[in-house]
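*Asks:* Curious how this folds, go ahead:
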Amino acid sequence: TRVTMVNSVFFQSAALLSVFLSHVCLELEKRQFNKIIATLRYVFYSSVAPEISLCSGILLLNCLAMELRVRGVALYCQCMLWVLCWTAVLFQGSDAKISAEEVQKHLDMGKKLLSEGNLNDALTHYHSAVEGDPTNYMTFFKRATVYLAIGRSRSALPDLDKTLELRPDFTGARLQRASILLKRAQLDKAAADYEFVLSKQPGNEEARRELDSIHPVRGAIDAARDFQSRRDCNSVVNVLEPVMEKVPWDSSLREMRADCFMEMGMYQKAIADLRVTTKLVSDNTAGYFRLSTVFYSMGELEDTLREVRECLKLDPDHKECYPFYKKVKKLNKQFNRAQELINEGQYNEALEKLDATMKTEPHEYTYEMRALGRKCHCYYKMHQVKEALRVCGDILRREPDNVDALCDRAEVYILDEKFEEAVSDFQAATKIDGHPQQADEGLQRAQKLLKQSKKRDYYKILGLKRTCTKGEVIKAYRRKAMKWHPDQYKGNDKKMAEQMFIDLAAAKEVLTDQEKRAKFDAGEDPLDPEQQAQGGGNPFGGGGFPFPFGGDGGGQQHFKFHFG
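*Replies:* As a prediction, this is how the structure comes out:
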């Protein structure tokens, strides 16, 4: 309720009420209704301010309703009548106008604050001036000026209408209104205002210039709509580009251009236009919903949730926004959990979550490819070569330039010892703009492994895959060592057996040593003589080969060999 008369009696009553209300709250906790009623009765009958009596009367009625006694019925009725009387007095006084002197004070204060840049404070004073004297055209005009300064053209337009209703020949207000109408593409109304100004001021250059621009703007809008009907989006965008500079506040044109941007795959530009429409149209739930669907099609789940929540703020039960919000929230939670599991190395559980996302959203291509990409990565990390190649291959058949799938499949090829294919995939990844450093590093490693595979491959020597465990290495070594041991070999080529036995020993040394195996997997042979000369090691620690196999005399020297 507006308080139109402020004096010392009011402040005294307010102070008195605050003290008694504190007392009431304390007693209310103890449910001491007798004391509360006595307190409120005193305030109710002693206060001279209608606002205070009304407040205390309402509280008193509530307390009496909570603890109604025989003696309280009469008091209850008496208080009700008293409250009604004071309400009538209060509302009768609220419609009183303030004096012309006070209106002028508000206008002067508003002007001062406006010059200091305190626009919101200035607007408060102009509100008071308008309420105090609703027949003064200048109060409406100045408030409209502040509205325009803070970007609230929708609020400014009714004030300019009222200004011109009170003073139709006010050309300054008419120019302001014509400018707003032109920006909102209300071309006929804008033209009428500019023509009126020119009839009063034939030399007004601004009015003449803007009036001359209306005809080509109207023609361009008609052409854009014609192009839209023919689904010629490029032409729509080209025609509207200069038009939007003249009519930036027309939501229908922005929606038309956003549709074309979407069809052309220019999502960010579509978003920019749609975001403006949410501000141009009041309570634009449709705009927020449309904006959220654009973000959704781009795969931006967090942005989607932000925009659809704005829709639900305006209408919590919106028939499109609410079910869409529940679906997106669930999908976002599933993807986030899947990523957490991947980061923790729990790939089986991550695969289950990714399968769940494909059930939540079975139709949207963006989320299907995202789920497949992460499944490809999980299978690679789990060393499931067959499944990884199947899923990664499915992605690359549909998106040949999917750099993550290329890198993951290349890593799988390395696990499968198909180094040429790995090199090919990494090379394809490095040709894509913005490729990750992983692609460059992977290419170098794959090339080293390819070169290494043409020399001595310790995995092949033992007949093992690159995913083998240390236990499998030892087991394979023991089995093959028994076959190629110089004392056990039954063939004629003793030198080949000796060399094979040496290779077996080297393979065991490298693949059972974590550091040496890591170097070998990176494409570097820790036992290579060339690298030894550059500071590397050798198979037997620099002490020479310890096994004195038979020499040229054909004799054979026996020795003991310890497996382990």
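
*Asks:* Okay, buried residues for the host helix or strand of A338 please.
*Replies:* Assigning secondary structure by DSSP states H and E places A338 in helix 321-343. In terms of neighbour count (16 or more other C-beta atoms under 10 Å), helix 321-343 has its buried residues at C321, F324, Y325, V328, L331, N332, Q334, F335, R337, A338, L341, I342. Yep, even glycine has a C-beta here, placed from its N, CA and C like the rest.

*Asks:* Next, work out how far apart G203 and P168 are.
*Replies:* 20 Å (C-beta to C-beta, to the nearest Å).

*Asks:* These two: who's more crowded?
*Replies:* More neighbours surround P168 than the other of G203 and P168, with 11 against 7 (other C-beta atoms under 10 Å).

*Asks:* ok, the more buried one to K490 distance?
*Replies:* 120 Å.

*Asks:* same question, V391
*Replies:* On the measure of C-beta to C-beta, V391 and K490 end up 48 Å apart.

*Asks:* which of those two has more neighbours?
*Replies:* Neighbour comparison, V391 and K490: the larger count goes to V391, with 25 against 6 (by other C-beta under 10 Å).

*Asks:* Let me know whether the more buried one touches L372 as I believe.
*Replies:* Yes. Contact criterion C-beta atoms under 8 Å: V391 and L372 qualify, at 5.8 Å.

*Asks:* If you drop the residues flanking it in sequence, what lies closest to the residue minimising distance to the centre of the chain?
*Replies:* Nearest to the mean C-alpha position of the chain, by C-alpha atoms, centre = their mean, lies D303 at 2.8 Å. Leaving out its chain neighbours, the residue that sits closest to D303 by C-beta to C-beta, 6 or more residues apart in numbering is F295, at 4.1 Å.

*Asks:* separation between that neighbour and T366?
*Replies:* 11 Å.

*Asks:* Looking only at neighbour counts, state which of the two leads.
*Replies:* Between F295 and T366, counted using other C-beta under 10 Å, F295 has the larger neighbour count: 21 against 13.

*Asks:* OK, contacts around the more buried one?
*Replies:* Going by C-beta atoms under 8 Å, 6 or more residues apart in numbering, F295 touches I271, L301, D303, T304, E307.

*Asks:* same deal with Y379?
*Replies:* Contact partners of Y379, counting by C-beta under 8 Å, 6+ apart, are Y347, E387, A388, V391, C392, V412.

*Asks:* now swap in D259 and tell me
*Replies:* By C-beta under 8 Å, 6+ apart, the contact list for D259 reads Q228, C233, A270.

*Asks:* How about D404?
*Replies:* With C-beta under 8 Å, 6+ apart, D404 has these contacts: G373, C376, H377.

*Asks:* same thing with E210?
*Replies:* By C-beta under 8 Å, 6+ apart, the residues touching E210 are A178, S179, L182, A190, Y194.

*Asks:* low-confidence ranges in the stretch 51-200 of the chain?
*Replies:* Applying pLDDT under 70 to the stretch 51-200 of the chain flags residues 51-98.

*Asks:* what's in contact with stretch 336-344?
*Replies:* Y347, E349, A350, K353, L354, T357, R374, H377, C378, K381.

*Asks:* Separate out the buried members of the residues you listed.
*Replies:* Buried members of those, counted by 16+ other C-beta under 10 Å: Y347, E349, A350, K353, L354, T357, R374, H377, C378.

*Asks:* Quick check: chain neighbours aside, which residue is closest to the third one?
*Replies:* Right, the one you point to is A350. Going by C-beta to C-beta, 6+ apart, A350 has L341 as its nearest residue, at 3.8 Å.

*Asks:* same question, the second one
*Replies:* If the residues on either side of it in the chain are set aside, E349 comes closest to L341, at 4.8 Å by C-beta to C-beta, 6+ apart.

*Asks:* Quick check: that neighbour vs N348, distance?
*Replies:* From L341 over to N348 (counting by C-beta to C-beta), the distance is 9 Å.

*Asks:* Ok, R390 next?
*Replies:* 17 Å.

*Asks:* Have a look at those two and say which one is more surrounded.
*Replies:* Taking other C-beta under 10 Å, R390 and N348 do not tie; R390 has more neighbours (13 against 9).

*Asks:* Secondary structure element holding the more buried one?
*Replies:* Assigned by DSSP H and E, R390 belongs to helix 385-398.

*Asks:* Give me the buried positions along that helix.
*Replies:* For helix 385-398, by 16+ other C-beta under 10 Å, it's V385, E387, A388, L389, V391, C392, I395, L396.

*Asks:* Which residues does that helix contact?
*Replies:* Counting by C-beta under 8 Å, 6+ apart, 369, 372-373, 375-376, 379-380, 402, 405-406, 408-409, 412, 415-416 sit against helix 385-398.

*Asks:* next SSE after it?
*Replies:* Heading C-terminal from helix 385-398 (DSSP H and E), you reach helix 403-415.

*Asks:* and the angle for the helix or strand just after that next one with helix 385-398?
*Replies:* Sequence order places helix 419-430 as the next helix or strand after helix 403-415, per DSSP H and E. Interaxial angle, helix 419-430 versus helix 385-398 (axes from the mean of the first three to the mean of the last three C-alpha atoms, to 10 degrees): 40 degrees.

*Asks:* ok and the next helix-or-strand element following helix 419-430 relative to helix 403-415, angle-wise?
*Replies:* For helix 419-430, the succeeding helix or strand toward the C-terminus, using DSSP H and E, is helix 437-453. Per the same axes, to 10 degrees, the angle that helix 437-453 makes with helix 403-415 is 20 degrees.

*Asks:* follow-up on the earlier one: now, the most widely separated pair of the contacts of F295?
*Replies:* Within the contacts of F295, I271 and L301 form the most distant pair, 14.9 Å apart (C-beta to C-beta).

*Asks:* got the buried residues for the helix or strand containing A505?
*Replies:* Element membership for A505, per DSSP H and E: helix 494-511. Within helix 494-511, the residues that count as buried by 16+ other C-beta under 10 Å are 497-498, 500-511.

*Asks:* Over to stretch 181-194?
*Replies:* Buried positions in stretch 181-194, judged by neighbour count with 16+ other C-beta under 10 Å: L181, L182, K183, R184, A185, Q186, L187, A190, A191, D193, Y194.

*Asks:* picking that back up, narrow the contacts of D404 to those in helices?
*Replies:* Taking DSSP state H as the definition of helices, the contacts of D404 contribute G373, C376, H377.

*Asks:* Just the closest of the residues you listed to L119, please.
*Replies:* Nearest to L119 among those: G373, at 50.3 Å, using C-beta to C-beta.

*Asks:* Pull the number of nearby residues for that closest one.
*Replies:* 19.

*Asks:* hang on, it packs against A405?
*Replies:* Yes. Between G373 and A405 there is a contact under C-beta under 8 Å: 6.0 Å.

*Asks:* K269: what's it in contact with?
*Replies:* Taking C-beta under 8 Å, 6+ apart, we find K269 in contact with A258, F261.
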